[in-house]
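Q: From the sequence below, what's the structure:
(chains A and B, ligands or ions: 2)
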Amino acid sequence: MNEIEKKADIIIIGGGVNGCSLAYQLAKKGKKVVLCERNYICSGATGRCGAGIRQQWSTRENTELSIKSIKIFEKLEKELGQDIGLRQGGYLIIVHNNKDMIQAEKNVKMQKELGLDVSILTPDEILDVVSILDIEGMKAIGATFCPTDGHVDPFKTTHAYAKAAERQGAKLYKFTNVTDIKTKNKRIDCVVTNRGKIKTNIVINAAGAWSKQIAEKLNIKLPNKPFRKEILVTERVKPVFKAMVISFKDGIYFSQQDEGQILGGIPIPNEISGYLTNPTFDFLNHMSKTLTRYSPKLKYVNVIRQWTGYYDVTPDARPILGEVDEIKGFIQCNGFSGHGFMLSPMVTKILTDYITDGKSSDILEKLLIKRFKDKEITHETSVVG
Amino acid sequence: MTVENIPNVRTCITPLEEDIKVYEQDRVGEIPDKKFFNKNRKKIDEDVVIVGSGPAGLMAAITAAKQEVPSILLVDENHLFGGQLIKQSHKFFGSEEEKAGTRGIDLAIELMEQVNSFKNIKSMLETTIIGCYNGKNNHKLIAVKRLTKGDQLYEINCKSVIFACGAMENMLAFPGNDLPGVYGAGGVQTLMNVYGVKPGKEVLMIGAGNVGLIVSYQLLQAGVSVNRVVEILPKIGGYNVHAAKLRRCGVPIFTSHSIKEVYGKGKVEGATVVAVNNSFKEIPGTEENVTCDTVCIAVGLTPSIRLLEQIGAKTEYIAEAGGHVAIHDSSMQTTVKGVFVAGDSSGIEEASTAMIEGQLAGISAALLLGYDKEAGKLKKKFRKALDGFRSGPFGLKPKTCKEKIACCWDGGINY
Ligand SMILES: Cc1cc2nc3c(=O)[nH]c(=O)nc-3n(C[C@H](O)[C@H](O)[C@H](O)COP(=O)(O)OP(=O)(O)OC[C@H]3O[C@@H](n4cnc5c(N)ncnc54)[C@H](O)[C@@H]3O)c2cc1C
Ligand SMILES: Cc1cc2nc3c(=O)[nH]c(=O)nc-3n(C[C@H](O)[C@H](O)[C@H](O)COP(=O)(O)OP(=O)(O)OC[C@H]3O[C@@H](n4cnc5c(N)ncnc54)[C@H](O)[C@@H]3O)c2cc1C
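A: Ligands and ions are numbered 1, 2, ... in the order given. Here you go, the predicted model:
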């Protein structure tokens, strides 16, 4: 391998969608950026995710972040000069009982206030959106639907960011493991990798489910926990629906790709935290049973692959962003709790603004790590998978 | 292809039936409204399951059976036992003990007769292991058995599993590589030697390793003409005996040459070959068009390790192994307790070493379950035999491969 740079303005740890987007934006602002990825680009959660993008959330911050993120996704192909596989077929969130309907109505009201095109559907209207669903099987009393939600190709997007970043002069080092971070006078001083040391004053911790270990090197305790999440894909069959179907109660999500394969996941009961990588038979069973309950028509479609990735989960299911109080220049971009792909455009923009212009924002203030010291935290409840 | 209204069927391995309806699919098929599977999945329990019945798998089964493991299941997705052996009509090289001088096809039959003589071995053909999972004390394998009337799904629980899945052929990227008439060498060998079908009339062979050389010769034996063999390296990779046989038949071997593209309307009509320099870059102006209807690619194999990865065995990329391989100890056990590997799946080598590794895996799996008939002594013998094969110039590559694997071993992970 070639020599690596000895100095950088900013070092990003992690070559997922967030790390690569940061590398692009910061380099574009003229910063000397180095990104260290211990495997290859997309080897973390990004290359394993469902890559659904939705704006229907229960907390204002997430709704706002995702509305703005989708606006960015819509223009990203043009900006990066490369296809990102954006497809807006909507998210159909199934509601199963009156109690959940009350919450759904509350969410929709808040989402509309923020300008989102979202509505509540009757069971009949659900079938107009996705004809192969079974209302009785799902035990659905209604749904919420936002037509501008959808799906983006995580590989195309992340590689487009990575290429654009390199065009802007950023150095993306693959197979480069960050083994230590050193400080001087409570300020970042350098990053140690298996390929040598790099001097810097700013480190962004975008190491996904391994962010906790990165922070530990500086004696900072993140509350994040890794959870194995499983997902499967079926063989290709003629495309019959465009929306992502999800249920907070059952935890299932699935959609059909343009090429025809159905992609989806569900949590297995009693899953424990930890770095477990193996796919399980329980998942295959549970997912097939639930999927065919939602859509008996899919009964004879073959599953061709299942795999796993990690959610990097925080106590309130919201990301941790921004600088920590203890060490100047140590910036967090993690804890995405299973929705870090769709939030990435805005999250990385907010951080870029903070790093380059010192500009903070309401959202950033709310997502700093110090929120966990408070007694009351606002929990994001609209979570699947 | 759509068969009987079921889309995405691999017709090459689907049994034919009277009146069966087979259609070419327009890109993707309709959502099937019929079941391919029989209604209920069957559950079976075994002590040791062996995936793959090549030389490694066959020997693993025989060895475990001799140790008196009560129930052994041998599974292969092919319709014949023997793995690569069933198409190897040539006499084997290697040691006498590992049947050098015997033809692969005869060896497969001989070993299968031995397998059949053991009451504690059950065998299943046309059965593909499609998934594997590990639990606390057992392993779960999901298998599909192809039957003319719908397939049967099996859930197999076992105490130990030996993966002897062999290898996959490497492909090359060049324009036209998806035209009908472009084959892997293994595919051509299967067509000729298993089914008695000639792949074409005029063949261009890519790769002058042993596989490329042997298959070229077998093509000649079958009455197919071989235009030439091209090899990107400056020297022939295979044994001299095989190269000499070809040359005597007038087939030229072009070293430092590669394939640039394949052309033709709807099928292969010819190919452009080109000379390369020391850094494998094409030398402009040296292009030559070769008229042929078949292009046969023999550029190496990659170990089949997907199931091993799924069950959680640690894998590493090792160039001398031919790609990623499962890290294993000197008993062929992977980092997952009770999961063993043998043969080409643990690094591309030869039938002879595959047989010994199979024996080592078979005896180690038996030992793990508490069956011990001079196991220690036998293990020593097998290891010594392997060392023997892996000495000398031709043994250097596998020797390095296995040394690197040993370096990656940092103790098993017990789940
Ligand atoms: C099954 C599944 C489905 C999902 N579905 C969705 C979805 O539909 N929509 C959505 O928005 N989100 C989804 N997510 C979540 C989403 O994938 C993640 O939140 C997002 O990809 C996180 O991106 P990232 O760049 O922050 O981290 P990652 O993509 O995890 O990247 C972190 C990188 O850091 C590297 N790294 C770690 N330690 C080091 C080190 N010491 N040195 C150097 N590099 C290191 C890792 O190798 C990794 O590549 C899903 C996740 C999973 C697992
Ligand atoms: C042209 C050629 C000539 C050769 N000549 C010689 C020679 O002269 N001497 C020599 O020693 N070696 C020779 N070899 C090499 C030798 O054939 C291989 O090294 C040997 O066959 C490897 O044995 P194996 O048991 O590991 O795998 P294989 O023989 O490849 O058997 C693997 C088996 O596993 C089955 N399988 C795979 N996956 C699954 C699954 N998921 N479910 C069920 N079944 C599965 C496959 O169908 C296959 O039958 C030659 C090879 C070739 C191609």
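Q: Would you mind listing where the chain has pLDDT under the threshold?
A: Picking chain A for this. A:1, A:375-376 (pLDDT under 70).
Q: wrong one, I was asking about chain B
A: Within chain B, the stretches falling below the threshold (pLDDT under 70) are B:35-39, B:93-99, B:148-149, B:411-415.
Q: Would you map the helices across it?
A: With DSSP state H as the criterion, chain B has helices at B:55-66, B:104-116, B:185-189, B:210-221, B:240-248, B:306-310, B:351-368, B:375-389, B:396-408.
Q: Pick the most buried one from the ones you listed.
A: Looking across those with neighbours counted as mean count of other Cβ atoms under 10 Å in any protein chain shown, the highest average goes to helix B:55-66: a mean of 29. In short, each C-beta sits where N, CA and C put it, glycine included.
Q: to the chain's geometric centre, what's the distance from that helix?
A: Averaging C-alpha coordinates over helix B:55-66 and over its chain gives two centres that are 17 Å apart (Cα atoms, centre = their mean, to the nearest Å).
Q: hmm, that helix in reach of ligand 2?
A: Yes. Under the criterion of Cβ under 6 Å from any ligand atom, helix B:55-66 makes contact with ligand 2 via B:55, B:56, B:57.
Q: how close does the residue of chain B most remote from its centre sit to chain A?
A: Among the residues of chain B, the one whose C-alpha is farthest from the average of all C-alpha positions is residue B:285, by Cα atoms, centre = their mean at 38.2 Å. Counting by Cβ to the nearest Cβ, to the nearest Å, the gap from residue B:285 to chain A is 33 Å.
Q: do the same with residue B:138
A: From residue B:138 across to chain A, the span is 12 Å (Cβ to the nearest Cβ).
Q: Which residue is the nearest non-sequential neighbour of that residue?
A: Spatial nearest neighbour of residue B:138, excluding adjacent residues (Cβ to Cβ, 6 or more residues apart in numbering or on different chains): residue B:157 at 5.2 Å.
Q: how many neighbours does residue A:368 have?
A: Per other Cβ atoms under 10 Å in any protein chain shown, the neighbour tally for residue A:368 reads 17.
Q: same thing with residue A:33?
A: Other residues close to residue A:33 by other Cβ under 10 Å number 28.
Q: show me the contacts for it.
A: Taking Cβ atoms under 8 Å, 6 or more residues apart in numbering or on different chains as the criterion, residue A:33 is in contact with A:8-12, A:22-23, A:26-27, A:165, A:169-171.
Q: Of these, select the buried ones using a PyMOL command.
A: Only the buried entries of the contacts of residue A:33 go into this PyMOL selection, using 16 or more other Cβ atoms under 10 Å in any protein chain shown:
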select buried, chain A and resi 8+9+10+11+12+22+23+26+27+165+170+171
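Q: Among the contacts of residue A:33, which are located in helices?
A: In helices, judged by DSSP H, the following of the contacts of residue A:33 are found: A:22, A:23, A:26, A:27, A:165.
Q: Quick check: of those, which lies closest to ligand 1?
A: Top of the list for closeness to ligand 1, among the ones in helices among the contacts of residue A:33 and by Cβ to the nearest ligand atom, is residue A:22 at 8.8 Å.
Q: Understood, closing this out.
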